[in-house]
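Trainee: predicted model follows, preceded by the sequence.
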Amino acid sequence: MSILKTENLTYVYSQGTPFEKIAVNKINIEIEKGEFVGIIGHTGSGKSTLIQHFNGLLQPTSGKIFIDGNDIWSNKENIRQVRFKVGLVFQYPEYQLFEENVFKDIAFGPKNMGLSEKEIKERVYDTAKLLEIPENFMKRSPFELSGGQKRRVAIAGVMAMNPEILILDEPSAGLDPHGRDIILDIIKNYHKKTGSTVMIVSHSMEDTAKYAEKILVMNKSELFCYDTVENVFRRSEEIEKIGLDVPQITRVFNKLRSHGISFGKEIYTVERAREVILDMLKKEGRI
Amino acid sequence: MIKDITLGQYFPSDSIIHRLDPRFKIVIMIVYMIMLFSGDSLICLGIGTLYTLISVVMTKISFKLYIKSIKPIFPFLIFTALLNIFFIKDGDIYFQWKFIKITSSGVDTSIFMIVRIVLLLIGTSVLTYTTSPIVLTDAIERLLNPLKKIKFPVHELAMIMSIALRFIPTLIEETDKIISAQKARGAELDSGNLIAKTKGLIPILIPLLISSFRRAEELATAMECRCYNGGDGRTRLRQMKSGISDYIALFFTVLFFIAVIIINHIIK
């Protein structure tokens, strides 16, 4: 059974006013447990609206969302439990830090869950370790930290709730390339270690191709496709047509194919390209 | 839900009232307010109502929007009207039952109060519906200009006002975002007793305050980068020109005002 499923999920902003706008339109997806999903699309394509439905922050105008097979809106009282099950990290999460020290801020979510002091402490230290937040930071004010450190503390605040599904909206926005790699590696690590389902909203095709197993493409409020990375990039021409980039390396290999040099596989990371080329050279006996 | 708050909302259109010089509109507004409160008879109230209706029709803005501006204070109006009816004991007695006594003067006071406040609100709505906030603060600055002679910081005050107005929507959006983010961490905002509710506001207010300071600092830097150094020697993008229609509007307002004063005098 899929862990998350939507049925004709539709959301309309400002319904009944002149500003009415369909933000997501009849989305049907099924996400399996333990998958690492990249969500891509233009600004305003409905990505952020879509993910806010997954943890019950927005109630769909029509359609349903199932988590573990249960309709989350069948009992409104339980919506808070859904938010613990599905952790959502917003864009620029460092702007929601508010506690006097790092420990308390990370502990805010677990505390709301009603865990015992001991368990809260365990979770906070475990998560901090995972996110490479040094222990001597715990007593410091979150506002003294650097931008990248604040970001990690904020992400830790959600991760410490141990959600079954972790969703991050552009976790690397505004960071330098090094900081971006650190954050994405940490998330990948978390995924491997906990086996939980992870979804990342991103603008960058390169990053998504590198980290995700499956990709969900949104276009103009509608689901363009949801498939494995390989299958999505097989449609790279269509993806470029709706105005999204494909990774540079994919473009190079598409060009090679149009010149008659085919590798038979979709190439979307530099590592993979290297393997494929080495394989070919070996086969031809050149190395 | 937070987005429903309207604060002096501007409805762009092309009516005569929209085109009036904002400085005149403010002066007319002041005359109008004095007029509403200087008449003691029903005829004076009628003249005020007539004047208000004429201006509302001239704005070409749907009457429903004016009703919307009164709606929020309606319960308050009814409440004070009832207080007046029951607690003013002088004048002719209309109705008496045990300790409840309704008198002519109580009813009169209530009617006058309700009508005046409603007219006042509609009148101010005419001003804010037809004038954009930025133009309005500009006009206030011009009107207060003479105060510069006594070292009153007119330009600074106007700049503070326009910045405040400019950032209202931004802060509302920001608040919405922070509320969602804290809800995602399991924050409970609308349950529990008063103390729990107040405590629940901390995770929202602190980030909001911090981001306001951040924005203020960024804005100050951005203004300095563009060599902003106060109002001295600054010229304007929008020049305000007063024309014949402005004087006609002011003339008619003053005419109504004089009528109210005279009628008030005669009836007394």
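Mentor: Sure thing, it's come through.
Trainee: any residues of the stretch 151-287 of chain A in contact with chain B? List them.
Mentor: Counting by Cβ under 8 Å from any Cβ of the partner chain, the stretch 151-287 of chain A comes close to chain B at A:G157, A:V158, A:M161. From N, CA and C alone the C-beta is placed, and that goes for glycine too.
Trainee: tell me, what residue is most central in chain B?
Mentor: When Cα atoms, centre = their mean is applied to chain B, the residue found nearest the centroid is B:T124 (5.4 Å).
Trainee: now do it against chain A, distance only.
Mentor: B:T124 sits 24 Å away from chain A, going by Cβ to the nearest Cβ, to the nearest Å.
Trainee: render the CA-only coordinates of stretch A:146-159 in CSV, please.
Mentor: What follows is stretch A:146-159, C-alpha atoms only, in CSV (Å, rounded to 0.1, in the frame of the first residue of the first chain):
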residue,chain,number,x,y,z
SER,A,146,25.6,31.8,10.3
GLY,A,147,23.0,31.4,7.6
GLY,A,148,23.8,27.8,6.7
GLN,A,149,24.0,26.8,10.4
LYS,A,150,20.6,28.4,11.1
ARG,A,151,19.1,26.5,8.1
ARG,A,152,20.4,23.2,9.5
VAL,A,153,19.0,24.0,13.0
ALA,A,154,15.6,24.8,11.4
ILE,A,155,15.6,21.5,9.4
ALA,A,156,16.6,19.6,12.5
GLY,A,157,13.5,21.1,14.2
VAL,A,158,11.3,19.2,11.8
MET,A,159,13.5,16.1,11.4
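Trainee: mind listing residues that contact that stretch?
Mentor: Residues from elsewhere that reach stretch A:146-159, judged by Cβ atoms under 8 Å, 6 or more residues apart in numbering or on different chains: A:87-89, A:93-94, A:96-97, A:102, A:105-106, A:108-109, A:124, A:127-128, A:130-133, A:137, A:142-143, A:145, A:166, A:168, A:171, A:174-175, A:179, A:182-183, A:186, A:190, B:184-185.
Trainee: what's the burial count for residue 183?
Mentor: Picking chain A for this. 22 (other Cβ atoms under 10 Å in any protein chain shown).
Trainee: sorry, should have said chain B
Mentor: Per other Cβ under 10 Å, the neighbour tally for B:K183 reads 21.
Trainee: for the helix or strand that it is a member of, packing partners?
Mentor: Per DSSP states H and E, B:K183 falls inside helix B:154-184. Packing contacts for helix B:154-184, counted by 3 or more Cβ pairs under 8 Å, 6 or more residues apart in numbering or on different chains; DSSP states H and E, involve strand A:86-89, helix B:133-144, helix B:194-225.
Trainee: can you verify my assumption that B:D190 contacts B:K197?
Mentor: Yes - using Cβ atoms under 8 Å as the test, B:D190 is close enough to B:K197 to be in contact (7.2 Å).
Trainee: ok so, going back, buried residues, the helix holding B:K183. List them.
Mentor: B:154-155, B:158-159, B:161-162, B:165, B:174-175, B:177-184 (16 or more other Cβ atoms under 10 Å in any protein chain shown).
Trainee: over to stretch A:73-91?
Mentor: Those buried within stretch A:73-91 under the rule 16+ other Cβ under 10 Å are A:R80, A:V82, A:R83, A:F84, A:K85, A:V86, A:G87, A:L88, A:V89, A:F90.
Trainee: endpoints of that stretch, how far apart?
Mentor: Taking Cα to Cα, to the nearest Å, stretch A:73-91 runs 25 Å from one end to the other.
Trainee: how far off centre is it?
Mentor: Chain-centre distance of stretch A:73-91: 17 Å, with Cα atoms, centre = their mean, to the nearest Å.
Trainee: could you count how many residues lie near the closest residue to chain B within the stretch 101-250 of chain A?
Mentor: Proximity of the stretch 101-250 of chain A to chain B (Cβ to the nearest Cβ) peaks at A:N112, 3.2 Å away. A:N112 has 19 neighbouring residues, counting by other Cβ under 10 Å.
Trainee: same thing with the one 10 residues further on?
Mentor: For A:E122, the number of neighbouring residues by other Cβ under 10 Å comes to 14.
Trainee: could you do A:K192 as well?
Mentor: By the measure other Cβ under 10 Å, the count of residues near A:K192 is 10.
Trainee: what helices and strands are in contact with whichever strand or helix holds it?
Mentor: Counting by DSSP H and E, the element that carries A:K192 is helix A:177-194. In terms of contacts (3+ Cβ pairs under 8 Å, 6+ apart), helix A:177-194 is packed against helix A:117-130, helix A:147-159, strand A:165-169, strand A:197-202, helix A:205-211.
Trainee: any stretches of chain A with poor pLDDT?
Mentor: Residues of chain A meeting the criterion pLDDT under 70: A:17-18.
Trainee: give me that answer again for 80
Mentor: Scanning chain A with the threshold set as pLDDT under 80 gives A:1, A:14-19, A:261-266, A:286-287.
Trainee: find the residue closest to the residue nearest the centre of it in space, skipping its chain neighbours.
Mentor: Central residue of chain A (Cα atoms, centre = their mean): A:I200, 1.1 Å from the mean position. Distances taken as Cβ to Cβ, 6 or more residues apart in numbering or on different chains put A:L168 closest to A:I200, at 5.1 Å, once the chain neighbours are dropped.
Trainee: excluding its backbone neighbours, what's nearest the residue of the stretch 101-250 of chain A closest to chain B?
Mentor: Of all residues not flanking A:N112 in the chain, B:G186 sits nearest, at 3.2 Å (Cβ to Cβ, 6+ apart).
Trainee: what about the strands in the stretch 1-150 of chain B?
Mentor: Taking DSSP state E, counting those that start in this stretch as the test, the strands found in the stretch 1-150 of chain B are B:93-97, B:100-103.
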